[in-house]
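Novice: fold the following.
(one chain, ligands or ions: 1)
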Amino acid sequence: MIAEVYDMRRGLPCHLLIITLAWFLTDTAGAQSPAATPKISGCRLDSSNNKFIQPTMERAIDAYAVIGKPLAITSIAINPPAPSTDGKTLDVYVVIDAAKGGTDPSGCATRVPRDTDPIDPISVRGGCVITSVEHMELRCSSSAVSIFAKAGRKEPRESLALLYVLSHELGHLHQKRLGEYAGRAERIDIGQPPAAKLEILRASCDPVSTKMEEEADASSFEILVKLVGAPPYRDPILSERGSVYSNIDQLALAADGWQKLNARRDFISPQPLHKAFEPTEFPTPVAQIEKNARAFVCDVLKGKRGQVSYPGRSISHPPMEQRLRRMAEQLKPVADKLPAKAGDPNFAPVAVLYGDLGPVLTFIYRETGVYMETLQDRICTRVNGPRPEAGCP
Ligand SMILES: [Zn+2]
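Specialist: Purely as a prediction, here's the structure:
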């Protein structure tokens, strides 16, 4: 994995690679606002996995009712030719990725995106995202659906990973919230008055969105626990415990698959970020992080012209593969409580959590995560404090 990533990013400085890994892997609440959701041509829709999405979705909706969070959805339309009009149908679009510039005038893909191609605006970033709450609409990337449905195996199926991803998005529908993490860099126009710039920085620190993500994950976890012991997730050949372990393994494999795809695709930062967001030593001393936070806030507030790019709110928000792994970790104690009767075969995991990452990269991920979290924390304390400009040159 390390070699693969580094090979593909030949010529990119290491710190940029690390940073992009940290937050450019978008999450399920990623990407598009309703105003930015273009109409999808039929040629961009993939219906090959409808037979797995449909029952998984229905099962998840039923489970939401059981856990006391009923959803106002009575039917699901996958890739409908026109938006449903009854107000109770969830429209699901499974969109084929296309390269930016790799489409014809009607939006149809003219070629398969190459590894380093940025994707076009119709492509879905971050797996799946709720694109409309009023008229309920979910969009998923077809490659994401395929990775989650296969979850490390050859053939797609109704996997627990697919259940997780769809449950998470249903959680956002229950909150009546759109996906809102762009998962990309945001830009501040430095020419604005300082008060306006401060307002933008403060909005970026708003923890509400992160709480909503955690809530959506908490609901998904409840649903996973509720359903993992029953068909189609229960593997009848294995003991109860072994079957849950097998599902944990598949979640880990889906996380790896997703990470690999994202490491290849749409990965290059379109604009350089402020240098505070490029950690140069691990672990970074706290005093240095404090200094970097101050430099960033000062450059934004005191600067007179130009633009400063900084990571969007997803900085404090773990990307999909991390959340899948967290689900897997959380399921382990559930598995351990289940019977593993003598005589029943148990499950020998083929994936180790984080198994695809060399220890070095794991270290970098973790340390970058720690750095980013601390930096964000310092920036937010400063911009929400009484003297955001304290110590500025
Ligand atoms: Zn989300």
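Novice: burial measure for Ala72, as a count.
Specialist: Residues near Ala72, counting by other C-beta atoms under 10 Å, number 11. C-beta coordinates here come from the backbone N, C-alpha and C atoms, glycine included.
Novice: before we move on, what about Arg153?
Specialist: Neighbours of Arg153 (other C-beta under 10 Å): 12.
Novice: sec struct for it, please.
Specialist: Secondary structure state of Arg153, per DSSP: H, G, I helix; E, B strand; the rest coil, is coil.
Novice: quick one, phi psi at it?
Specialist: phi -110, psi 180 (degrees, to the nearest 10).
Novice: you'd agree Leu173 is up against Pro70?
Specialist: No - Leu173 is beyond contact range of Pro70, at 11.2 Å (criterion: C-beta atoms under 8 Å).
Novice: the two - which one has more neighbours?
Specialist: When Leu173 and Pro70 are compared for neighbours, Leu173 comes out ahead with 22 against 12, by other C-beta under 10 Å.
Novice: would you quantify the distance from the more buried one to the ion?
Specialist: The gap separating Leu173 from the ion is 11 Å, by C-beta to the ion, to the nearest Å.
Novice: now the helices for the chain?
Specialist: 2-8, 14-23, 50-66, 142-150, 160-175, 194-204, 208-227, 240-264, 286-302, 320-336, 359-384 (DSSP state H).
Novice: would you turn these into JSON lines with mean pLDDT?
Specialist: Shown next, in JSON lines, are these (pLDDT from 0 to 100):
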{"stretch": "helix 2-8", "mean pLDDT": "29"}
{"stretch": "helix 14-23", "mean pLDDT": "34"}
{"stretch": "helix 50-66", "mean pLDDT": "98"}
{"stretch": "helix 142-150", "mean pLDDT": "95"}
{"stretch": "helix 160-175", "mean pLDDT": "94"}
{"stretch": "helix 194-204", "mean pLDDT": "87"}
{"stretch": "helix 208-227", "mean pLDDT": "86"}
{"stretch": "helix 240-264", "mean pLDDT": "83"}
{"stretch": "helix 286-302", "mean pLDDT": "95"}
{"stretch": "helix 320-336", "mean pLDDT": "82"}
{"stretch": "helix 359-384", "mean pLDDT": "75"}
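Novice: now those helices in a markdown table, with distance to Glu278?
Specialist: Output for these, formatted as a markdown table (distance: least, C-beta to C-beta, whole Å):
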| stretch | distance to Glu278 |
| --- | --- |
| helix 2-8 | 17 |
| helix 14-23 | 5 |
| helix 50-66 | 39 |
| helix 142-150 | 28 |
| helix 160-175 | 30 |
| helix 194-204 | 18 |
| helix 208-227 | 23 |
| helix 240-264 | 19 |
| helix 286-302 | 9 |
| helix 320-336 | 21 |
| helix 359-384 | 10 |
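Novice: which one of those lies nearest to His135?
Specialist: The minimum distance between His135 and the helices of the chain falls on helix 160-175, with 11.5 Å, by C-beta to C-beta.
Novice: what sits against Thr258?
Specialist: One correction, residue 258 is Trp, not Thr. Gly127, Ala144, Ile147, Phe148, Met320, Glu321, Leu324 (C-beta atoms under 8 Å, 6 or more residues apart in numbering).
Novice: excluding its backbone neighbours, what's nearest it?
Specialist: Excluding the flanking residues, the one nearest Trp258 by C-beta to C-beta, 6 or more residues apart in numbering is Glu321, at 4.9 Å.
Novice: and if you look at Ser143?
Specialist: Asp97 (5.6 Å).
Novice: and for that neighbour, the neighbour number?
Specialist: By other C-beta under 10 Å, neighbour count at Asp97 equals 24.
Novice: cool, and Glu158?
Specialist: 18.
Novice: please apply the same query to Gly303.
Specialist: Using other C-beta under 10 Å, Gly303 is surrounded by 17 other residues.
Novice: so it touches Pro193, yeah?
Specialist: No - Gly303 sits out of contact with Pro193 when judged by C-beta under 8 Å, with a separation of 12.0 Å.
Novice: could I get the average pLDDT for stretch 87-96?
Specialist: For stretch 87-96, mean pLDDT rounds to 96.
Novice: list the buried residues in it.
Specialist: Thr89, Leu90, Asp91, Val92, Tyr93, Val94, Val95, Ile96 (16 or more other C-beta atoms under 10 Å).
Novice: same thing with stretch 57-65?
Specialist: Neighbour count says stretch 57-65 has Met57, Arg59, Ala60, Ile61, Ala63, Tyr64 buried, by 16+ other C-beta under 10 Å.
Novice: any chance of those in CSV, plus distance to the ion?
Specialist: Shown next, in CSV, are the buried residues of stretch 57-65 (distance: C-beta to the ion, whole Å):
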residue, distance to the ion
Met57, 16
Arg59, 19
Ala60, 14
Ile61, 17
Ala63, 17
Tyr64, 15
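Novice: Asp235 touches Ser243, doesn't it?
Specialist: Yes - Asp235 lies in contact with Ser243 (C-beta under 8 Å); the separation is 4.2 Å.
Novice: comparing those two, which residue is more hemmed in?
Specialist: More crowded of Asp235 and Ser243, by other C-beta under 10 Å: Ser243, with 23 against 17.
Novice: give the contact list for that one.
Specialist: Taking C-beta under 8 Å, 6+ apart, we find Ser243 in contact with Val228, Gly229, Tyr233, Arg234, Asp235, Pro236, Phe347.
Novice: now the phi/psi pair for the fifth one, please.
Specialist: Meaning Asp235. phi -90, psi 110.
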